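> Dropping the sequence and predicted coords here.
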Amino acid sequence: MSNSQSVPPAPTLRGALWLYLAALIGTALIVIGLQGAIRSLSLLRLIAAFLAVGVPLFIAAFALRLPIAASFGRSPRLLHLAAAILIGVLAWLPASWLTFAANYALDAAVGFLPPPPAVTEGVLPFAAVIQLGIVVPTLQGALFWAYLQRNAKGLGANGAALLVAALYGLFALVSTEFGYAGIVGALLIGLLAAFTTRYTESAWGGIAVGWGYSLMRPLLENTPLEAELFTALGTDLFGGAWLLAFGGGAFAALFILQMLRAFYSAPPQPDSGRAPSMGRAWQVPLVITLLICLLIGYSEFALRAQNAVPVAPAPADEGSTVVPIRPTAAP
């Protein structure tokens, strides 16, 4: 056998972006296409994570003979994993506020989306915790923080983190029930996870951020604690309570991220194998991804326009500035 036959192709950013595009399309077909037949959000996301993310990633790793352990980077320290999980937990409420605010703006400007079912509907709460809180963020994290971010190193450490965080935000368009409103909240989580991966030199750091964030919803939704929390915050998304919760949570998450950056002083770990390259025409799958997201967005806006609320005349009493919001499930 010749050397050209025995040496596997080198990983490239172009190949990683094609894999991301396949995961995006597959997830859209499963989550959006089957949501009428399967009401369980937890089960839909689990199926999509396995079939649209896990299977293509396994095939790519097998075909390219990728060093799986090296793709995840440095072995994580327990303290760093705990800090990363805490970052995800603290970022849950700020990400929720961003999602709520974006959804409210789209409701007012375009129209309503059908209200989503509860995340634990059709499945036992414990199963939802395992599926949404552990399995789904682990499989998605392997794609984003181990494979994509590693192969985007040609853009620089910060450039790779920013690109993969943006792709993670766009992925929420098809992987959640919030449509375009879910992108901004997911972008915040993506930035925190990507830079946690960058500072700890381990994809497990980004995956742990996903664990912390993803565990909050199945643990809190439809519980007395959630009811008390949102009652205390009130119905005015731009009131002091919500803004304070957003700012406090975001500041605390960023503070812990900076602590990881400041105190992680281990020497850099050299990559095993060949360094990933950009690949020729690596922008092509990225452009196709953006076009597909625009197409999905057009369908969402058309659905919202069917449920547009007629503009009512301004009330005579201008003493109150509180704008009532439609109840929305927590992201």
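Cool, got the structure. Residues are numbered from 1 along each chain as shown.
> Quick one: classify G36 as helix, strand or coil.
Three-state call for G36 (DSSP: H, G, I helix; E, B strand; the rest coil): coil.
> Now do it against L29, distance only.
Applying CB to CB, to the nearest Å, the value for G36 to L29 is 13 Å. Backbone N, C-alpha and C define where each C-beta goes, glycine included.
> Comparing the two, which residue is more hemmed in?
Between G36 and L29, L29 has the larger neighbour count (other CB atoms under 10 Å), namely 14 against 7.
> Contact partners for that one?
By CB atoms under 8 Å, 6 or more residues apart in numbering, the contact set of L29 is A52.
> Please identify which helix or strand holds it.
Per DSSP states H and E: L29 is located in helix 13-31.
> Pull out the buried positions in that helix.
Of the residues in helix 13-31, 13-24, 26-28, 30-31 count as buried by neighbour count, 16 or more other CB atoms under 10 Å.
> What of stretch 36-47?
For stretch 36-47, the neighbour count (16+ other CB under 10 Å) marks 40-47 as buried.
> Same question for stretch 64-81.
66, 71-74, 76, 80-81.
> In helices, which of these fall?
Applying DSSP state H to those, the entries found in helices are 71, 80-81.
> Which of those sits closest to P114?
Checking those against P114 by CB to CB gives L81 as the nearest, at 37.8 Å.
> Could you pull up the residues touching the closest one?
Contacts here follow CB under 8 Å, 6+ apart; on that basis L81 touches 204-205, 208.
> one more time with 10 Å
200, 202, 204-205, 207-209, 211-212 (CB atoms under 10 Å, 6 or more residues apart in numbering).
> could you pull out the helices for the stretch 151-300 of the chain?
Taking DSSP state H, counting those that start in this stretch as the criterion, the stretch 151-300 of the chain contains helices spanning 157-175, 181-200, 203-220, 224-233, 240-263, 283-306.
> about what we covered before: among the buried residues of stretch 36-47, name the ones in strands.
Secondary structure defined by DSSP state E assigns none of the buried residues of stretch 36-47 to strands.
> element containing the residue nearest to G210 when sequence neighbours are not counted?
Excluding the flanking residues, the one nearest G210 by CB to CB, 6 or more residues apart in numbering is P137, at 3.2 Å. For P137, the host element (DSSP H and E) is helix 136-141.
> Can you name the residues that contact T27?
By CB under 10 Å, 6+ apart, the contact set of T27 is 44-45, 47-49, 51-53, 140, 171, 173-175.
> What's the ChimeraX line that selects buried ones from the residues you listed?
With 16+ other CB under 10 Å as the criterion, this ChimeraX line picks the buried residues out of the contacts of T27:
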select :44,45,47,48,49,52,53,140,171,173,174,175
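> ok, the ones in helices among the buried residues of stretch 64-81 vs A108, which is closest?
If you rank those by distance to A108 using CB to CB, L81 comes first, at 40.7 Å.
> host element of A127?
Going by DSSP H and E, A127 is in helix 125-130.
> could I have that helix exported to PDB, CA atoms only?
C-alpha atoms of helix 125-130 as PDB (Å, rounded to 0.1, in the frame of the first residue of the first chain):
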ATOM      1  CA  PRO A 125     -38.700  14.700  34.500                       C
ATOM      2  CA  PHE A 126     -35.600  12.600  35.400                       C
ATOM      3  CA  ALA A 127     -35.400  11.400  31.700                       C
ATOM      4  CA  ALA A 128     -35.600  15.000  30.500                       C
ATOM      5  CA  VAL A 129     -32.800  16.000  32.900                       C
ATOM      6  CA  ILE A 130     -30.500  13.200  31.500                       C
END
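> Counting neighbours, which bits of it end up buried?
Buried residues in helix 125-130, defined by neighbour count with 16+ other CB under 10 Å: 127-130.
> And it, what does it pack against?
Contacts defined by 3 or more CB pairs under 10 Å, 6 or more residues apart in numbering; DSSP states H and E place helix 125-130 against helix 41-48, helix 203-220.
> Skip the chain neighbours and tell me the closest residue to Y147.
Excluding the flanking residues, the one nearest Y147 by CB to CB, 6+ apart is A16, at 5.7 Å.
> L24 versus the nearest residue to L17 once chain neighbours are set aside, what's the distance?
Excluding its sequence neighbours, the residue lying closest to L17 (CB to CB, 6+ apart) is P285, at 3.9 Å. Distance, P285 to L24, using CB to CB: 10 Å.
> Distance of L254 relative to V209?
From L254 over to V209 the distance is 12 Å, taken as CB to CB.
> so where is the stretch 151-300 of the chain shaky, pLDDT-wise?
Filtered on pLDDT under 70, the stretch 151-300 of the chain yields the residue ranges 264-276, 279.
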